[in-house]
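1. need a structure here:
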Amino acid sequence: MILLTGFEPFGGETTNPSWLAAQQGTALLRAQGLEAAAVEVPCVFGRSVDALADAMDRHRPDVVLCVGQAGGRERISLERVAINIDDARIPDNAGRRPVDDAVVPDGPVAYFSTLPIKACREAVAALGVPVEVSQTAGTYVCNHLFYGLMHRLAGRSGTRGGFVHVPYSSEQAEANGARGLPVGDMAAALAAIATTTARTPVDVRVSAGAEH
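-> A predicted model of the protein is given here:
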């Protein structure tokens, strides 16, 4: 079972391509004969992790891909690390704006994704979709959910998970004067990441670092 999550709209946007891509990606996986589900989570500290936990209890997935929007980025971003900090530049959809709070008090400083992120990068690149390994998921609700996922998976075997950021959709990009991607390309990338994770027990060893 593959579980994809996407966020509701936030920051004044009327749509969130992470949720649209999660839905379409799930349809692509089902068309391949795979068991998959998509769940929308609130863009709210705390409640997003609760919604994820409920979905995981309900679906008992083998692979979890949490997806969020990073407007301004130009590529699909496979996030490497979640950090134990909430530091919101803008309020979430419930008006919460934590500053320098721990996601999980007394939790580890950080968790690494358990997705084979470099193999996934190669799979997405083979589709002709722009993709990168990212070294930061920010400190907003996306990182909060990513950390919450990995904290839930810590010490468990049998389930792999991680976080993927998507850019603006093409429509959002035009409205914001930025670059974006078609939602269909995002969905194809998510399906490739999910299937690559399912068949790749050990990640490939290739360079995907950053100088800054």
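2. C-alpha only now, for contacts and for neighbours.
-> OK.
3. what's the top helix by length along the chain in contact with?
-> Using DSSP state H, we find that the single longest helix of the chain is helix 183-199. By Cα atoms under 8 Å, 6 or more residues apart in numbering, the list of residues contacting helix 183-199 from outside reads 2, 17, 20-26, 28-29, 63, 65, 76, 115-116, 119-121, 123-124, 127, 129, 160, 166, 169-170.
4. now do the helices in the chain.
-> Here the chain has its helices, by DSSP H, at 17-31, 47-59, 117-126, 141-153, 170-176, 183-199.
5. the ones you listed: lowest mean pLDDT?
-> Among the helices of the chain, helix 170-176 carries the lowest mean pLDDT, a mean of 86.
6. elements contacting it?
-> strand 180-181 (3 or more Cα pairs under 8 Å, 6 or more residues apart in numbering; DSSP states H and E).
7. pairing partners for the strand it packs on, with directions?
-> Strand pairing for strand 180-181, determined by DSSP bridges: strand 168-169 (parallel).
8. ok, residues contacting the strand it pairs with?
-> Strand 168-169 has contacts (Cα under 8 Å, 6+ apart) with 17, 69-73, 178-183.
9. neighbour-wise, which of these leads?
-> Of all the contacts of strand 168-169, the highest neighbour tally under other Cα atoms under 10 Å goes to Pro17, namely 31 neighbours.
10. excluding its backbone neighbours, what's nearest that residue?
-> Among residues not flanking Pro17 along the chain, Ser169 sits closest, at 5.9 Å (Cα to Cα, 6 or more residues apart in numbering).
11. tally of neighbours for the one you found?
-> Using other Cα under 10 Å, the number of residues around Ser169 comes to 26.
12. just Ala154 next, same as before
-> Residues near Ala154, counting by other Cα under 10 Å, number 13.
13. against Ala110, how distant is it?
-> 11 Å (Cα to Cα, to the nearest Å).
14. again, but for Val63
-> With distances taken as Cα to Cα, Val63 is found 20 Å from Ala110.
15. who's more crowded, these two?
-> The residue with more neighbours, out of Val63 and Ala110, is Val63; 22 against 14, by other Cα under 10 Å.
16. which residues touch the more buried one?
-> Residues near Val63 by Cα under 8 Å, 6+ apart: 1-3, 159-161, 194, 197-198.
17. quick one, which of the residues you listed are buried?
-> Neighbour counting by 16 or more other Cα atoms under 10 Å classes 2-3, 159-161, 194, 197-198 among the contacts of Val63 as buried.
18. quick one: contacts of stretch 107-116?
-> Outside stretch 107-116, the residues that reach it (Cα under 8 Å, 6+ apart) are 79-84, 147, 150-151, 160-163, 196-197, 200-204.
19. how does it look with 7 Å?
-> Here stretch 107-116 makes contact (Cα atoms under 7 Å, 6 or more residues apart in numbering) with 80-84, 147, 150, 160-162, 197, 200, 202-203.
20. of these, closest to Gly46?
-> Tyr147 (11.3 Å; Cα to Cα).
21. how about the closest one, nearest residue that isn't a chain neighbour?
-> Among residues not flanking Tyr147 along the chain, Ala82 sits closest, at 5.0 Å (Cα to Cα, 6+ apart).
22. many thanks, we can stop here.
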